[in-house]
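Asker: Test case, fold it:
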Amino acid sequence: MSDKQSLITMLDLHKLEVFLQVAQAGSFRAAAERLFITQPGVSQHIQDLERSLGRPLFHRGSKGVTLTLEGRTLRDYAERILALVLEAQAAITTLDPQAAGQVRIGATPGVSGYLLPGWIHAFSERFPAMAVALQTGTTPEIVDRLIARQIDLGFIEGDLDPALAGQLETVLVSEVTQRIVIGPKHPLWARGSIHFAELDGAACITRQAGSQSRIWLEGVLREQGIRPRIVAEFDNLEAIKHSVRAGVAFSVLPDYAVLADLHSGALRSPETGVALCRALRAVSNAGAPLPPIARAFLAAAMPEGRDQV
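Answerer: Numbering: from 1, shown residues only. Okay, the predicted model is just below:
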């Protein structure tokens, strides 16, 4: 085998993917966890690459690895190579409704629990042989999985860090109305409308500290000059709703999570005269074209596209 043939053999796509995961994660162990392979397996792939290129790609240290100059050069080319492969696949692939496969979706908890089931149903009616692998996480977790190419498409609410603008593509799916909700035991239950100021110092149940929903809510309340008394924090909307129904605290929750409760009378949403809204966005890795199957799923999530999936 010639030197050129040997180099092409060593620069296979899987080794490049392993290399990029190590570069992003900063350690062989973390890359192995992302790829669901053993750490020795990751080490062997990197050693094969370094042997074929005749250059070290990483500086090894007790706290992880960093790219050498040659490693940084290979990273740039590897990202372009893998992006071109995905682009070529997307360009020549026509999605057959009977084709089997899997689309990997990530979503924040509210979207995952309330909206994804309907989207999956609409998608599955059109592509019955396609499986949906769903991962639920916070916005930062969804972003990390997209960058690591562990998922094909993510759904989040709120804004992204501007520093991620070059790494992610976003599509606005819809604007989601947010509502102040109270239960039957709340002192304001009989009121059809309230002044926002009446919530100052009131008991409030929220998402966990550090979540994008909590950060958004704190910003809204701060703008209104409201400082509620946080009495409970939960990482899922159902727990918040149950607590609001059972007690005297208010919360702010998205339309999709509370409309059934409002219609049944289990919760009420007094008018405040202040419009509350958050953007629901689909996000994907800017370094890789969206696979046809992921584009089809996105169509199922878009209000105007569900009949065209």
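Asker: Contact partners for the closest residue to Gly192 other than its chain neighbours?
Answerer: Using Cβ to Cβ, 6 or more residues apart in numbering and skipping residues adjacent in sequence, the residue nearest Gly192 is Pro270, 6.2 Å away. The C-beta positions use only the backbone N, C-alpha and C, and glycine is treated the same way. Residues near Pro270 by Cβ atoms under 8 Å, 6 or more residues apart in numbering: Ile180, Ile182, Leu188, Arg191, Gly192, Ser193, Ile194.
Asker: What distance do you get for Gln39 to Val231?
Answerer: For Gln39, the distance to Val231 (Cβ to Cβ, to the nearest Å) stands at 45 Å.
Asker: Ala148 now?
Answerer: When Ala148 is compared with Val231 (using Cβ to Cβ), they lie 37 Å apart.
Asker: Among these two, which residue is more densely surrounded?
Answerer: Remark: of Ala148 and Val231, Ala148 carries more neighbours, 17 against 14, as counted by other Cβ atoms under 10 Å.
Asker: tell me the phi and psi of that one?
Answerer: phi -80, psi 0 (degrees, to the nearest 10).
Asker: Which positions in the helix or strand harbouring Ala232 come out as buried?
Answerer: Assigned by DSSP states H and E, Ala232 belongs to strand 229-234. Across strand 229-234, burial judged by 16 or more other Cβ atoms under 10 Å covers Glu233, Phe234.
Asker: partners of the strand ranked longest in the chain in the sheet?
Answerer: Ranked by residue count under DSSP state E, the longest strand found in the chain is strand 168-181. Strand pairing for strand 168-181, determined by DSSP bridges: strand 251-254 (antiparallel), strand 277-285 (antiparallel).
Asker: tell me what the next helix or strand after the last one is packed against?
Answerer: Reading on from strand 277-285 to the C-terminus, the next helix or strand found by DSSP H and E is helix 292-301. Contacts defined by 3 or more Cβ pairs under 8 Å, 6 or more residues apart in numbering; DSSP states H and E place helix 292-301 against strand 101-107, helix 116-126, strand 153-157, strand 277-285.
Asker: now the residue nearest to the spatial centre of the chain: how far from Leu116?
Answerer: Among the residues of the chain, the one closest to the centroid is Ile142, at 3.0 Å (Cα atoms, centre = their mean). Distance, Ile142 to Leu116, by Cβ to Cβ: 13 Å.
Asker: Check Ser264 too.
Answerer: 23 Å.
Asker: Pick out whichever of these two has more residues nearby.
Answerer: Of the pair Ser264 and Leu116, Leu116 is the one with more neighbours under other Cβ under 10 Å, namely 21 against 8.
Asker: tell me the contacts of the more buried one?
Answerer: Contacts of Leu116 by Cβ under 8 Å, 6+ apart are Ile105, Ala107, Leu134, Phe155.
Asker: So what's the residue count around the closest residue to Cys204 other than its chain neighbours?
Answerer: Nearest residue to Cys204, sequence neighbours excluded (Cβ to Cβ, 6+ apart): Pro228, at 3.6 Å. Neighbourhood size, Pro228 [other Cβ under 10 Å]: 20.
Asker: What of Phe28?
Answerer: 23.
Asker: now it, nearest residue through space, not along the chain?
Answerer: Closest to Phe28 by Cβ to Cβ, 6+ apart is Val42, at 4.8 Å.
Asker: Look up how far Ala25 lies from the residue nearest to Gly192.
Answerer: 48 Å.
Asker: okay, Ile8: pLDDT?
Answerer: The model reports Ile8 with a pLDDT of 47.
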